[in-house]
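Trainee: Need a 3D model of the following:
(one chain, ligands or ions: 2)
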Amino acid sequence: MKKKRILVQSSAGGYTIVCGEGVLRDAAREIRRLGKFSRIHLVSSPNVWREVGKRVLRGLGLKNVHARHLMNDAESAKDLFTVEKLSRSLVRAGIDRHSLIIAVGGGVVGDVAGFAASTCQRGVALVQVPTTLISQVDSAVGGKTGVNLPEGKNLVGTFHPARLVLVDSALLKPLPERQYRGGLAEVIKYGVIADAKLFAFLEKNLEAVLRRDPAPLAYIIPRSLELKAQVVSRDERESGLREILNFGHTFGHALETITNYRVYQHGEAVAWGMMAAALLGHEIHLTPADEVSRIVSLVRRLAPLPPWPEVPPEKLIDAMRSDKKTRAGKLRFVLAPKIGKAESHDDVPLEALERVLHFAPHFVNPAGKPRG
Ligand SMILES: NC(=O)c1ccc[n+]([C@@H]2O[C@H](COP(=O)([O-])OP(=O)(O)OC[C@H]3O[C@@H](n4cnc5c(N)ncnc54)[C@H](O)[C@@H]3O)[C@@H](O)[C@H]2O)c1
Ligand SMILES: [Zn+2]
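Mentor: Residues are numbered from 1 along each chain as shown. Ligands and ions are numbered 1, 2, ... in the order given. Sure, this is the predicted structure:
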(Lines give C-alpha, C1' and ligand atoms only; values in the text may rest on other atoms or scores of the structure.)
(Ligands and ions follow the chains in the order given, each with its own letter.)
Protein backbone atom coordinates (compact mmCIF):
# COMPACT_ATOMS: atom_id res chain seq x y z
CA MET A 1 0.00 0.00 0.00
CA LYS A 2 1.38 3.41 -0.95
CA LYS A 3 0.71 5.77 1.88
CA LYS A 4 1.33 9.48 1.87
CA ARG A 5 1.52 11.74 4.92
CA ILE A 6 0.79 15.43 4.52
CA LEU A 7 1.23 17.90 7.34
CA VAL A 8 -1.21 20.79 7.86
CA GLN A 9 -0.57 23.76 10.13
CA SER A 10 -3.47 25.29 12.03
CA SER A 11 -4.10 27.63 14.95
CA ALA A 12 -4.90 24.54 17.01
CA GLY A 13 -1.55 22.91 16.14
CA GLY A 14 -0.34 20.75 13.28
CA TYR A 15 -2.18 17.67 12.10
CA THR A 16 -1.62 14.94 9.55
CA ILE A 17 -3.52 13.75 6.52
CA VAL A 18 -2.79 10.09 5.85
CA CYS A 19 -3.78 9.22 2.34
CA GLY A 20 -3.72 6.23 -0.01
CA GLU A 21 -5.79 3.26 -1.10
CA GLY A 22 -6.34 1.01 1.93
CA VAL A 23 -5.03 3.40 4.62
CA LEU A 24 -8.10 2.64 6.68
CA ARG A 25 -6.62 -0.76 7.49
CA ASP A 26 -4.14 1.13 9.68
CA ALA A 27 -6.76 3.36 11.29
CA ALA A 28 -6.45 1.90 14.79
CA ARG A 29 -2.68 2.40 14.84
CA GLU A 30 -2.93 5.95 13.45
CA ILE A 31 -5.49 6.89 16.10
CA ARG A 32 -3.41 5.40 18.90
CA ARG A 33 -0.59 7.73 17.86
CA LEU A 34 -2.82 10.69 18.77
CA GLY A 35 -2.88 9.70 22.45
CA LYS A 36 -5.40 8.15 24.79
CA PHE A 37 -9.11 8.85 24.55
CA SER A 38 -11.76 7.97 27.11
CA ARG A 39 -14.33 7.03 24.49
CA ILE A 40 -14.59 6.84 20.72
CA HIS A 41 -17.84 8.00 19.11
CA LEU A 42 -18.45 7.31 15.45
CA VAL A 43 -20.66 9.71 13.52
CA SER A 44 -21.96 8.77 10.09
CA SER A 45 -25.20 8.58 8.10
CA PRO A 46 -27.36 5.51 7.41
CA ASN A 47 -26.53 5.77 3.73
CA VAL A 48 -22.76 6.06 4.16
CA TRP A 49 -22.70 3.43 6.88
CA ARG A 50 -24.46 0.91 4.66
CA GLU A 51 -21.80 1.40 1.98
CA VAL A 52 -18.59 1.61 3.97
CA GLY A 53 -19.42 0.77 7.59
CA LYS A 54 -17.94 -2.72 7.56
CA ARG A 55 -14.67 -1.54 6.09
CA VAL A 56 -14.42 1.27 8.63
CA LEU A 57 -15.08 -1.02 11.57
CA ARG A 58 -12.52 -3.51 10.32
CA GLY A 59 -9.93 -0.72 10.22
CA LEU A 60 -10.79 0.72 13.62
CA GLY A 61 -11.27 -2.54 15.44
CA LEU A 62 -14.76 -3.10 16.88
CA LYS A 63 -13.66 -3.01 20.50
CA ASN A 64 -12.34 0.56 20.07
CA VAL A 65 -15.75 2.03 19.22
CA HIS A 66 -18.04 2.89 22.14
CA ALA A 67 -21.01 4.32 20.31
CA ARG A 68 -22.24 4.93 16.80
CA HIS A 69 -24.43 7.89 15.89
CA LEU A 70 -26.16 7.98 12.52
CA MET A 71 -27.44 11.35 11.30
CA ASN A 72 -29.35 12.39 8.19
CA ASP A 73 -26.80 13.70 5.67
CA ALA A 74 -29.20 15.35 3.22
CA GLU A 75 -28.08 18.92 2.52
CA SER A 76 -31.58 20.02 3.67
CA ALA A 77 -30.83 18.48 7.10
CA LYS A 78 -27.50 20.30 7.50
CA ASP A 79 -28.95 22.57 10.18
CA LEU A 80 -28.87 23.41 13.89
CA PHE A 81 -31.62 20.91 14.64
CA THR A 82 -29.43 18.07 13.35
CA VAL A 83 -26.55 19.42 15.45
CA GLU A 84 -28.83 19.40 18.50
CA LYS A 85 -30.01 15.85 17.84
CA LEU A 86 -26.45 14.65 17.33
CA SER A 87 -25.17 16.49 20.43
CA ARG A 88 -27.93 14.97 22.55
CA SER A 89 -27.14 11.53 21.24
CA LEU A 90 -23.44 12.09 22.07
CA VAL A 91 -24.26 13.27 25.59
CA ARG A 92 -26.63 10.37 26.21
CA ALA A 93 -23.83 8.02 25.13
CA GLY A 94 -21.54 9.56 27.74
CA ILE A 95 -19.27 11.85 25.72
CA ASP A 96 -16.73 13.70 27.85
CA ARG A 97 -13.90 16.16 27.21
CA HIS A 98 -11.42 13.37 26.59
CA SER A 99 -13.53 11.62 24.00
CA LEU A 100 -12.83 11.38 20.30
CA ILE A 101 -15.38 11.84 17.53
CA ILE A 102 -14.70 10.10 14.22
CA ALA A 103 -16.74 11.53 11.35
CA VAL A 104 -17.28 9.05 8.52
CA GLY A 105 -19.03 10.55 5.51
CA GLY A 106 -19.14 13.29 2.92
CA GLY A 107 -19.00 17.02 3.51
CA VAL A 108 -22.37 17.11 5.26
CA VAL A 109 -21.41 14.57 7.91
CA GLY A 110 -17.96 16.20 8.23
CA ASP A 111 -19.34 19.71 8.64
CA VAL A 112 -22.08 18.73 11.13
CA ALA A 113 -19.94 16.31 13.16
CA GLY A 114 -17.13 18.90 13.14
CA PHE A 115 -19.49 21.57 14.43
CA ALA A 116 -20.80 19.26 17.16
CA ALA A 117 -17.21 18.28 18.06
CA SER A 118 -16.23 21.92 18.43
CA THR A 119 -19.16 22.82 20.69
CA CYS A 120 -19.87 19.66 22.70
CA GLN A 121 -18.13 20.02 26.09
CA ARG A 122 -16.53 23.17 24.57
CA GLY A 123 -14.61 21.04 22.14
CA VAL A 124 -13.59 17.42 21.77
CA ALA A 125 -11.03 15.86 19.45
CA LEU A 126 -12.08 15.01 15.91
CA VAL A 127 -10.86 12.60 13.26
CA GLN A 128 -12.22 12.90 9.74
CA VAL A 129 -12.74 9.90 7.48
CA PRO A 130 -14.08 11.47 4.27
CA THR A 131 -16.03 9.21 1.91
CA THR A 132 -16.85 11.40 -1.11
CA LEU A 133 -14.35 12.83 -3.57
CA ILE A 134 -15.24 16.41 -2.54
CA SER A 135 -14.67 15.67 1.11
CA GLN A 136 -11.46 13.73 0.38
CA VAL A 137 -9.85 16.52 -1.64
CA ASP A 138 -11.46 19.49 0.06
CA SER A 139 -13.87 19.69 2.97
CA ALA A 140 -12.17 17.34 5.48
CA VAL A 141 -9.09 19.57 5.52
CA GLY A 142 -8.90 23.17 6.63
CA GLY A 143 -10.94 23.17 9.82
CA LYS A 144 -14.14 24.84 8.61
CA THR A 145 -17.26 23.34 10.19
CA GLY A 146 -20.81 24.58 10.04
CA VAL A 147 -24.44 24.32 9.09
CA ASN A 148 -26.98 26.19 7.00
CA LEU A 149 -29.66 28.65 8.10
CA PRO A 150 -32.86 29.27 6.14
CA GLU A 151 -31.14 32.59 5.26
CA GLY A 152 -28.18 30.93 3.57
CA LYS A 153 -25.55 28.21 3.36
CA ASN A 154 -22.87 27.61 6.01
CA LEU A 155 -23.80 30.77 7.92
CA VAL A 156 -23.24 29.26 11.39
CA GLY A 157 -19.93 27.62 12.00
CA THR A 158 -16.57 27.36 13.72
CA PHE A 159 -12.95 26.51 12.97
CA HIS A 160 -12.24 23.11 14.46
CA PRO A 161 -9.46 21.29 12.61
CA ALA A 162 -9.34 17.52 12.83
CA ARG A 163 -6.48 15.89 14.73
CA LEU A 164 -6.10 13.44 11.86
CA VAL A 165 -7.64 12.99 8.42
CA LEU A 166 -7.70 9.49 6.94
CA VAL A 167 -8.25 9.57 3.18
CA ASP A 168 -8.80 6.11 1.75
CA SER A 169 -9.64 6.14 -1.96
CA ALA A 170 -11.09 2.61 -1.66
CA LEU A 171 -14.10 4.22 0.04
CA LEU A 172 -14.98 5.96 -3.22
CA LYS A 173 -15.96 2.73 -4.99
CA PRO A 174 -19.69 2.88 -4.11
CA LEU A 175 -19.94 6.64 -4.67
CA PRO A 176 -22.63 7.54 -7.27
CA GLU A 177 -21.26 8.69 -10.63
CA ARG A 178 -22.69 12.22 -10.39
CA GLN A 179 -21.11 12.76 -6.99
CA TYR A 180 -17.78 11.55 -8.29
CA ARG A 181 -17.79 13.81 -11.34
CA GLY A 182 -18.71 16.78 -9.17
CA GLY A 183 -15.70 16.05 -6.99
CA LEU A 184 -13.50 16.05 -10.08
CA ALA A 185 -14.52 19.65 -10.73
CA GLU A 186 -12.75 20.58 -7.49
CA VAL A 187 -9.67 18.61 -8.57
CA ILE A 188 -9.60 20.52 -11.87
CA LYS A 189 -9.89 23.68 -9.78
CA TYR A 190 -6.63 22.88 -7.95
CA GLY A 191 -4.94 22.46 -11.32
CA VAL A 192 -6.18 25.83 -12.56
CA ILE A 193 -5.31 27.80 -9.43
CA ALA A 194 -2.02 26.25 -8.44
CA ASP A 195 -0.63 23.39 -10.50
CA ALA A 196 -0.32 23.41 -14.29
CA LYS A 197 1.17 19.91 -14.15
CA LEU A 198 -1.89 18.50 -12.38
CA PHE A 199 -4.06 20.22 -14.98
CA ALA A 200 -2.07 18.68 -17.86
CA PHE A 201 -2.27 15.27 -16.17
CA LEU A 202 -6.06 15.55 -16.06
CA GLU A 203 -6.18 16.56 -19.72
CA LYS A 204 -4.21 13.47 -20.60
CA ASN A 205 -5.80 10.96 -18.21
CA LEU A 206 -9.38 12.06 -17.60
CA GLU A 207 -10.87 8.83 -19.00
CA ALA A 208 -8.84 6.70 -16.57
CA VAL A 209 -9.72 9.08 -13.75
CA LEU A 210 -13.42 8.80 -14.65
CA ARG A 211 -13.07 5.01 -14.53
CA ARG A 212 -11.62 5.45 -11.00
CA ASP A 213 -8.45 3.57 -11.90
CA PRO A 214 -6.30 3.37 -8.77
CA ALA A 215 -3.12 4.68 -10.43
CA PRO A 216 -4.37 8.15 -11.43
CA LEU A 217 -6.31 8.44 -8.16
CA ALA A 218 -3.09 7.78 -6.28
CA TYR A 219 -1.72 10.91 -7.90
CA ILE A 220 -4.61 13.37 -8.07
CA ILE A 221 -6.01 12.90 -4.54
CA PRO A 222 -2.75 13.40 -2.60
CA ARG A 223 -1.72 16.21 -4.96
CA SER A 224 -5.03 18.04 -4.37
CA LEU A 225 -4.59 17.54 -0.63
CA GLU A 226 -1.04 18.90 -0.73
CA LEU A 227 -2.28 22.02 -2.49
CA LYS A 228 -5.18 22.52 -0.07
CA ALA A 229 -2.83 21.89 2.88
CA GLN A 230 -0.34 24.47 1.60
CA VAL A 231 -3.02 27.11 1.20
CA VAL A 232 -4.82 26.61 4.52
CA SER A 233 -1.54 26.24 6.43
CA ARG A 234 -0.58 29.73 5.29
CA ASP A 235 -4.02 31.33 5.59
CA GLU A 236 -6.39 29.36 7.81
CA ARG A 237 -8.89 32.19 8.34
CA GLU A 238 -9.17 33.27 4.70
CA SER A 239 -7.61 36.70 5.08
CA GLY A 240 -6.13 36.48 1.59
CA LEU A 241 -4.49 33.46 -0.03
CA ARG A 242 -7.27 30.99 0.93
CA GLU A 243 -9.61 32.96 -1.30
CA ILE A 244 -8.03 31.38 -4.39
CA LEU A 245 -9.80 28.13 -3.45
CA ASN A 246 -12.98 29.91 -4.48
CA PHE A 247 -12.16 29.85 -8.20
CA GLY A 248 -15.45 29.20 -9.99
CA HIS A 249 -17.37 29.57 -6.73
CA THR A 250 -18.80 33.09 -7.10
CA PHE A 251 -20.67 31.91 -10.19
CA GLY A 252 -21.18 28.42 -8.76
CA HIS A 253 -22.80 29.59 -5.53
CA ALA A 254 -25.06 31.94 -7.48
CA LEU A 255 -26.23 29.02 -9.64
CA GLU A 256 -26.87 26.92 -6.54
CA THR A 257 -28.75 29.69 -4.70
CA ILE A 258 -30.93 30.72 -7.61
CA THR A 259 -32.07 27.13 -8.11
CA ASN A 260 -32.64 26.58 -4.37
CA TYR A 261 -29.92 23.91 -4.26
CA ARG A 262 -32.22 21.56 -6.14
CA VAL A 263 -30.68 21.42 -9.60
CA TYR A 264 -26.91 21.21 -9.24
CA GLN A 265 -24.63 19.25 -7.04
CA HIS A 266 -22.00 21.61 -5.67
CA GLY A 267 -19.28 20.33 -8.00
CA GLU A 268 -21.53 20.69 -11.04
CA ALA A 269 -22.19 24.32 -10.18
CA VAL A 270 -18.45 24.83 -9.70
CA ALA A 271 -17.84 23.23 -13.10
CA TRP A 272 -20.08 25.82 -14.76
CA GLY A 273 -18.54 28.50 -12.54
CA MET A 274 -15.00 27.68 -13.66
CA MET A 275 -15.91 27.99 -17.33
CA ALA A 276 -17.56 31.34 -16.61
CA ALA A 277 -14.56 32.53 -14.55
CA ALA A 278 -12.18 31.57 -17.36
CA LEU A 279 -14.22 33.61 -19.79
CA LEU A 280 -14.48 36.53 -17.37
CA GLY A 281 -10.69 36.48 -17.06
CA HIS A 282 -10.52 36.75 -20.84
CA GLU A 283 -13.03 39.62 -20.89
CA ILE A 284 -10.75 41.70 -18.66
CA HIS A 285 -7.66 40.77 -20.73
CA LEU A 286 -6.20 38.58 -18.00
CA THR A 287 -6.68 34.99 -19.19
CA PRO A 288 -5.29 34.26 -22.69
CA ALA A 289 -7.74 32.68 -25.18
CA ASP A 290 -5.87 29.38 -25.45
CA GLU A 291 -5.93 28.96 -21.66
CA VAL A 292 -9.68 29.69 -21.60
CA SER A 293 -10.14 27.09 -24.26
CA ARG A 294 -8.14 24.47 -22.31
CA ILE A 295 -10.14 25.14 -19.14
CA VAL A 296 -13.50 24.99 -20.93
CA SER A 297 -12.52 21.84 -22.87
CA LEU A 298 -11.43 19.96 -19.77
CA VAL A 299 -14.44 20.98 -17.68
CA ARG A 300 -16.82 20.05 -20.52
CA ARG A 301 -15.54 16.50 -20.33
CA LEU A 302 -17.28 16.23 -16.94
CA ALA A 303 -20.61 16.47 -18.78
CA PRO A 304 -23.49 15.78 -18.57
CA LEU A 305 -24.08 18.87 -16.46
CA PRO A 306 -27.56 20.19 -15.67
CA PRO A 307 -28.12 23.11 -18.07
CA TRP A 308 -27.57 26.75 -17.15
CA PRO A 309 -30.78 28.04 -15.53
CA GLU A 310 -33.32 30.03 -17.52
CA VAL A 311 -32.99 33.23 -15.51
CA PRO A 312 -32.08 36.78 -16.50
CA PRO A 313 -28.41 37.63 -15.78
CA GLU A 314 -29.50 40.33 -13.30
CA LYS A 315 -30.89 37.65 -10.99
CA LEU A 316 -27.57 35.84 -10.95
CA ILE A 317 -25.75 39.11 -10.28
CA ASP A 318 -28.10 39.76 -7.33
CA ALA A 319 -27.34 36.30 -5.97
CA MET A 320 -23.60 37.02 -6.28
CA ARG A 321 -23.99 40.25 -4.35
CA SER A 322 -25.51 38.47 -1.37
CA ASP A 323 -22.70 35.87 -1.30
CA LYS A 324 -20.47 35.60 1.79
CA LYS A 325 -17.46 36.45 -0.34
CA THR A 326 -18.79 39.89 -1.26
CA ARG A 327 -17.12 42.67 0.71
CA ALA A 328 -18.82 46.07 1.14
CA GLY A 329 -21.10 45.32 -1.80
CA LYS A 330 -18.16 44.73 -4.19
CA LEU A 331 -18.25 41.53 -6.20
CA ARG A 332 -15.09 39.47 -5.89
CA PHE A 333 -13.89 36.96 -8.44
CA VAL A 334 -10.94 34.63 -8.40
CA LEU A 335 -9.48 34.69 -11.90
CA ALA A 336 -6.60 32.91 -13.58
CA PRO A 337 -3.87 34.88 -15.41
CA LYS A 338 -2.75 31.45 -16.64
CA ILE A 339 -3.33 27.81 -15.79
CA GLY A 340 -1.56 27.19 -12.47
CA LYS A 341 -2.03 30.68 -11.06
CA ALA A 342 -4.97 32.56 -9.51
CA GLU A 343 -5.67 35.95 -8.06
CA SER A 344 -8.62 37.79 -6.58
CA HIS A 345 -10.29 40.74 -8.37
CA ASP A 346 -12.89 43.15 -7.07
CA ASP A 347 -12.76 45.60 -9.97
CA VAL A 348 -14.45 43.63 -12.73
CA PRO A 349 -16.60 45.96 -14.88
CA LEU A 350 -20.28 45.08 -14.78
CA GLU A 351 -20.46 44.99 -18.60
CA ALA A 352 -17.78 42.29 -18.73
CA LEU A 353 -19.75 40.20 -16.25
CA GLU A 354 -22.97 40.69 -18.21
CA ARG A 355 -21.30 39.58 -21.44
CA VAL A 356 -20.08 36.42 -19.71
CA LEU A 357 -23.53 35.68 -18.31
CA HIS A 358 -25.01 35.96 -21.79
CA PHE A 359 -22.43 33.68 -23.32
CA ALA A 360 -21.82 31.09 -20.58
CA PRO A 361 -25.09 29.15 -21.07
CA HIS A 362 -23.79 28.06 -24.47
CA PHE A 363 -20.58 26.46 -23.26
CA VAL A 364 -22.13 23.05 -22.97
CA ASN A 365 -25.37 23.39 -24.93
CA PRO A 366 -24.37 24.34 -28.47
CA ALA A 367 -24.85 28.07 -29.18
CA GLY A 368 -28.08 28.89 -30.89
CA LYS A 369 -29.87 25.75 -29.79
CA PRO A 370 -32.68 26.48 -27.37
CA ARG A 371 -31.92 25.31 -23.85
CA GLY A 372 -34.15 23.19 -21.69
N1 LIG B 1 -15.91 22.53 5.39
C2 LIG B 1 -15.48 22.82 4.19
O3 LIG B 1 -14.38 23.37 4.02
C4 LIG B 1 -16.30 22.44 3.00
C5 LIG B 1 -15.73 22.49 1.73
C6 LIG B 1 -16.50 22.05 0.64
C7 LIG B 1 -17.78 21.60 0.84
N8 LIG B 1 -18.31 21.58 2.10
C9 LIG B 1 -19.68 21.11 2.33
O10 LIG B 1 -19.74 19.74 1.96
C11 LIG B 1 -21.09 19.41 1.60
C12 LIG B 1 -21.08 18.56 0.37
O13 LIG B 1 -20.38 17.41 0.66
P14 LIG B 1 -20.24 16.19 -0.35
O15 LIG B 1 -20.15 16.67 -1.74
O16 LIG B 1 -19.13 15.38 0.21
O17 LIG B 1 -21.62 15.45 -0.28
P18 LIG B 1 -22.58 14.87 0.87
O19 LIG B 1 -21.95 14.77 2.19
O20 LIG B 1 -23.82 15.65 0.70
O21 LIG B 1 -22.83 13.40 0.31
C22 LIG B 1 -23.49 13.21 -0.92
C23 LIG B 1 -24.22 11.88 -0.95
O24 LIG B 1 -23.29 10.81 -1.10
C25 LIG B 1 -23.54 9.81 -0.12
N26 LIG B 1 -22.25 9.18 0.13
C27 LIG B 1 -21.21 9.67 0.83
N28 LIG B 1 -20.16 8.85 0.75
C29 LIG B 1 -20.55 7.78 0.00
C30 LIG B 1 -19.89 6.61 -0.46
N31 LIG B 1 -18.61 6.36 -0.18
N32 LIG B 1 -20.59 5.74 -1.21
C33 LIG B 1 -21.88 5.98 -1.53
N34 LIG B 1 -22.55 7.10 -1.16
C35 LIG B 1 -21.88 7.99 -0.39
C36 LIG B 1 -24.15 10.56 1.03
O37 LIG B 1 -24.92 9.72 1.85
C38 LIG B 1 -25.01 11.60 0.30
O39 LIG B 1 -26.24 11.04 -0.07
C40 LIG B 1 -21.81 20.73 1.45
O41 LIG B 1 -22.68 20.90 2.54
C42 LIG B 1 -20.70 21.77 1.50
O43 LIG B 1 -21.12 22.98 2.07
C44 LIG B 1 -17.59 21.99 3.17
ZN1 LIG C 1 -16.28 23.89 -3.61
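
Trainee: Let me see the contact set for the residue in the stretch 251-372 of the chain that ligand 1 sits nearest to.
Mentor: Scanning the stretch 251-372 of the chain for proximity to ligand 1 using Cβ to the nearest ligand atom identifies residue 266 as nearest, at 5.5 Å. All C-beta spots, glycine's among them, are computed from the backbone N, C-alpha and C. Residue 266 makes contact with 107, 134, 182, 252, 256, according to Cβ atoms under 8 Å, 6 or more residues apart in numbering.

Trainee: same check, this time on residue 200
Mentor: The contact partners of residue 200, by Cβ under 8 Å, 6+ apart, come to residue 191.

Trainee: my read is residue 232 is in a helix, agree?
Mentor: Yes. Read with DSSP: H, G, I helix; E, B strand; the rest coil, residue 232 is one of the residues of a helix.

Trainee: how close does it get to ligand 1?
Mentor: 9 Å (Cβ to the nearest ligand atom, to the nearest Å).

Trainee: Quick check on the residue nearest to that residue when sequence neighbours are not counted: phi, psi?
Mentor: Computed as Cβ to Cβ, 6 or more residues apart in numbering, the closest residue to residue 232 that is not its neighbour in sequence is residue 142, at 4.2 Å. Torsion angles at residue 142 (phi, psi; degrees, to the nearest 10) stand at phi 120, psi -10.

Trainee: about what we covered before: so the residue of the stretch 251-372 of the chain closest to ligand 1 versus residue 11, what's the distance?
Mentor: Between residue 266 and residue 11 the distance is 26 Å, computed by Cβ to Cβ, to the nearest Å.

Trainee: ok, and which of the contacts of residue 266 reach ligand 1?
Mentor: 107, 134 (Cβ under 6 Å from any ligand atom).

Trainee: In stretch 252-268, which residues are buried?
Mentor: The neighbour-count criterion (16 or more other Cβ atoms under 10 Å) identifies 252-258, 261, 264-268 as the buried residues of stretch 252-268.

Trainee: Can you pick out the most distant pair from the residues you listed?
Mentor: Within the buried residues of stretch 252-268, 258 and 267 form the most distant pair, 17.1 Å apart (Cβ to Cβ).

Trainee: Could you report the pLDDT at the closest residue to ligand 1 within the stretch 1-150 of the chain?
Mentor: Proximity of the stretch 1-150 of the chain to ligand 1 (Cβ to the nearest ligand atom) peaks at residue 107, 1.9 Å away. Residue 107 carries a pLDDT score of 97 in this model.

Trainee: Show me what from the stretch 51-200 of the chain comes close to ligand 1.
Mentor: Along the stretch 51-200 of the chain, the residues adjacent to ligand 1 under the rule Cβ under 6 Å from any ligand atom are 51-52, 73, 75, 78, 105-109, 111, 131-132, 134-135, 138-139, 142, 144, 154, 171, 174-175, 179.

Trainee: Is stretch 20-36 in proximity to ligand 1?
Mentor: No. Stretch 20-36 lies out of reach of ligand 1 by Cβ under 6 Å from any ligand atom, never closer than 11.7 Å.

Trainee: Can you list the buried residues in the helix or strand where residue 201 lies?
Mentor: Taking DSSP states H and E as the criterion, the element that holds residue 201 is helix 196-210. For helix 196-210, the buried set under the neighbour-count rule, 16+ other Cβ under 10 Å, comprises 198-199, 201-202, 205-206, 209.

Trainee: who touches residue 208 in this structure?
Mentor: For residue 208, the contacting residues are 215-216, by Cβ under 8 Å, 6+ apart.

Trainee: can we see that at 10 Å?
Mentor: 214-217 (Cβ atoms under 10 Å, 6 or more residues apart in numbering).

Trainee: Also residue 280?
Mentor: Contacts for residue 280 were tallied using Cβ under 10 Å, 6+ apart; they are 250-251, 286-287, 292, 333, 335-336, 345, 348, 352-353, 355-357, 360.

Trainee: so where do the strands sit in the stretch 101-250 of the chain?
Mentor: Counting by DSSP state E, counting those that start in this stretch, one finds strands in the stretch 101-250 of the chain at the ranges 125-130, 144-149, 152-159, 164-167.

Trainee: Which of the ones you listed comes out lowest on mean pLDDT?
Mentor: Here the lowest mean pLDDT among the strands of the stretch 101-250 of the chain goes to strand 152-159, at a mean of 91.

Trainee: tell me the angle that strand makes with strand 144-149.
Mentor: Per axes from the mean of the first three to the mean of the last three Cα atoms, to 10 degrees, the angle that strand 152-159 makes with strand 144-149 is 150 degrees.

Trainee: Can you mark which positions in strand 152-159 are buried?
Mentor: For strand 152-159, a neighbour-count test (16+ other Cβ under 10 Å) marks 153, 159 as buried.

Trainee: Just list what it packs against, helices and strands only.
Mentor: Counting contacts by 3 or more Cβ pairs under 10 Å, 6 or more residues apart in numbering; DSSP states H and E, the secondary-structure elements packed against strand 152-159 are helix 107-119, strand 144-149, helix 249-258.

Trainee: Need the winner for burial among these.
Mentor: Using mean count of other Cβ atoms under 10 Å, the stretch among the helices and strands packed on strand 152-159 with the greatest mean number of neighbours is helix 107-119 (a mean of 26).

Trainee: returning to what we had before: OK, contacts around the residue of the stretch 1-150 of the chain closest to ligand 1?
Mentor: Under the criterion of Cβ under 10 Å, 6+ apart, the contact partners of residue 107 comprise 73, 75, 78, 114, 130-132, 134-136, 138-140, 144, 183, 266.

Trainee: Any stretches of the stretch 201-350 of the chain with poor pLDDT?
Mentor: Low-confidence segments of the stretch 201-350 of the chain, defined by pLDDT under 70: 324-329.

Trainee: and it, which residues reach ligand 1?
Mentor: Among all residues of the stretch 201-350 of the chain, those adjacent to ligand 1 (criterion: Cβ under 6 Å from any ligand atom) are residue 266.
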